[in-house]
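Novice: model the structure of this input:
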Amino acid sequence: MSCALDDPTLERHFKGHRDTITSVDFNCNMKQIATGSMDSCIMIWNLKPQMRAYRFVGHKDAVTSVQFSPSGHLVASASRDKTVRLWVPSVKGESTVFRAHTGTVRSVNFSSDGQSLVTASDDKTIKVWTVHRQKFLFSLSQHINWVRCAKFSPDGRLIVSASDDRTVKIWDKNSRECIYSFCEHGGYVNYADFHPSGTCIAAGSTDNTVKVWDIRTNKLLQHYQVHSAVVNSLSFHPSGNYLITASNDSTLKILDLVEGRLLYTLHGHQGPATCVAFSRTGDYFASGGSDEQVMVWRTNFDSADYGEVLRSQQKATSMEPRGSTSHVPTQVPESTELSHGRCSDRGPSTSQHSHTSQGSTAPSFSYQEQPQRAAPDGGVPAALASTLEHIVGQLDILTQVSTQ
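Specialist: Take a look at the predicted model:
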């Protein structure tokens, strides 16, 4: 497959850390990127050319996680020194320290309203904090091994956690109870996060797999065996149509969640790719690795175009002659390998074409188990038409939110 304009491209790379990059996040204003590293420092990289980076020193040990607040005015960090810090991402680098964990803090995450923080730790607990009062609120304690990751749902009512006890748990923030435990992974679970719709979660594991569950039915929707080593991190595209993953096999993989297939394999890092994150709009994503490099990629995806494709497919199919057998065309792009943002000479691997999700090829996030009955007029099957409408509607909502 030749390089097309819609292939991801490597735009910039930054080097300044002195050890493995552990975490990366974009400011919502698209002017800054925050990274954490095993070198105990946080770096704030300015995306404008000729703007100097800030190095924040304060943690006494490796920084394991960083995230900008939704407003972009604060950066939270977690560390092996058992503390969480809140920083102002300016030249002064002032910070406030949060203490409550008794082990390494593995992850930190803001709620979507910026009012709360959730942290995960080797002390086997998840803790929730208030940002403005800078106060520890409560702990969630049912994991029986280190907790690697904890994230709020988009509406802030649920928390997902990933642990070395091989489970992914869903918690109700208000009742402080574990609602469900997913036990399908065969290794430690390094990372988990919510789909932008809040109805699904994805997790990556040391068993080299990525799994996607529907938390309304607690069913496994998709199972990807596309990496040849541990999966360290993942990030959903804001449209909800794509998932990107980072692995010790040194690659990033871009998955099409609607088709349930691998789209791209990106080669850029020398050694393990340790972290990856889409920007808030999805136009860019950034990755970090054990090579101490931070790479910024242009996504070149367009969720609005995808909505138009669905609409045109639905319209074209519904206009077929009465009585004809109708099918919604689902063209699956070839899997493409990219090296430093350009198509590699090795070409697509045939094994990558066979990685499909469990279940049908219909979009997996809605009405997956409903039978596809044909419409009375011989148009689109009713269930599939409903699914397409749901997906397009979701894209419209996401587009409206992102433009407000």
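
Novice: what bridges to the nearest residue to Val276 once chain neighbours are set aside?
Specialist: Spatially, and ignoring its direct neighbours in sequence, Val276 is nearest to Ala246 (4.1 Å; CB to CB, 6 or more residues apart in numbering). C-beta here means a position set from N, CA and C on the backbone, and glycine is covered the same way. Bridge pairing for Ala246 (DSSP bridges) gives the partners Ser233, Leu252.

Novice: what of the one 10 residues further on?
Specialist: For Asp256, the beta-bridge partners are Tyr242, Arg261 (DSSP bridges).

Novice: same question for Ser287.
Specialist: Ser287 forms beta bridges with Val276, Met295, as assigned by DSSP bridges.

Novice: low pLDDT regions in the chain?
Specialist: The chain contains residues with pLDDT under 70 at 1-5, 301-404.

Novice: all helices for it, in order.
Specialist: Here the chain has its helices, by DSSP state H, at 303-318, 350-353, 382-403.

Novice: need the contact list for the residue nearest the centre of the chain.
Specialist: Centroid-nearest residue in the chain, with CA atoms, centre = their mean: Ser235, separated by 1.3 Å. Shown in contact with Ser235 (CB atoms under 8 Å, 6 or more residues apart in numbering): Asp193, Leu243, Ile244, Val276, Ala277, Phe278, Phe285.

Novice: next: Met295.
Specialist: Met295 sits in contact with Leu10, Arg12, His13, Gly268, His269, Ala286, Ser287, Gly288, Gly289, where contact means CB under 8 Å, 6+ apart.

Novice: one more: Ala62?
Specialist: Contacts of Ala62 (CB under 8 Å, 6+ apart): Asp19, Thr22, Ser37, Met38, Asp39, Ser40, Ser79, Arg80.

Novice: please redo it, this time with the cut-off set to 10 Å
Specialist: 19-20, 22, 36-41, 78-81, 104 (CB atoms under 10 Å, 6 or more residues apart in numbering).

Novice: whichever of those end up buried, select them in PyMOL.
Specialist: The PyMOL command for the buried members of those (criterion: 16 or more other CB atoms under 10 Å) is given here:
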select buried, resi 20+22+36+37+38+39+40+41+78+79+80+81+104
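
Novice: in strands, which of the contacts of Ala62 appear?
Specialist: Under the assignment DSSP state E, the contacts of Ala62 contribute Thr22, Gly36, Ser37, Cys41, Ala78, Ser79 to strands.

Novice: just flag the most distant two among the residues you listed.
Specialist: Cys41 and Ala78 (13.6 Å; CB to CB).

Novice: tell me the contacts of the residue nearest to His132 when sequence neighbours are not counted?
Specialist: In space, and not counting its chain neighbours, His132 is closest to Gln115: 7.0 Å by CB to CB, 6+ apart. Neighbouring residues of Gln115 by CB under 10 Å, 6+ apart: Ser69, Pro70, Trp129, Thr130, Val131, His132, Arg133, Gly156.

Novice: tell me the contacts of the closest residue to Asp207 other than its chain neighbours?
Specialist: What sits nearest to Asp207 in space, not counting adjacent residues and going by CB to CB, 6+ apart, is Gly187, at 3.6 Å. Listed by CB under 10 Å, 6+ apart, the contact set of Gly187 reads Asp164, Arg166, Gly204, Ser205, Thr206, Asp207, Asn208, Thr209, Val230, Val231.

Novice: how close does the closest residue to Ala277 other than its chain neighbours sit to Asp172?
Specialist: Closest residue to Ala277 apart from its sequence neighbours, by CB to CB, 6+ apart: Ser235 at 4.7 Å. Using CB to CB, to the nearest Å, Ser235 is found at 24 Å from Asp172.

Novice: ok, now His59?
Specialist: Remark: distance between His59 and Asp172 (CB to CB) = 31 Å.

Novice: same question for Val296.
Specialist: Distance, Val296 to Asp172, using CB to CB: 37 Å.

Novice: Gly204 touches Gln225, doesn't it?
Specialist: No - proximity of Gly204 to Gln225 does not meet the contact threshold set by CB atoms under 10 Å, at 11.8 Å.

Novice: the two: who's more crowded?
Specialist: Neighbours were counted for Gly204 and for Gln225 using other CB atoms under 10 Å; Gly204 has more, 30 against 13.

Novice: contact partners for that one?
Specialist: By CB under 10 Å, 6+ apart, the contact set of Gly204 is 148-149, 162, 185, 187, 189-193, 210-211, 224, 227, 230-234, 243, 245-247.

Novice: go with 6 Å
Specialist: By CB atoms under 6 Å, 6 or more residues apart in numbering, the residues touching Gly204 are Asn190, Tyr191, Val210, Val231, Leu234, Thr245.
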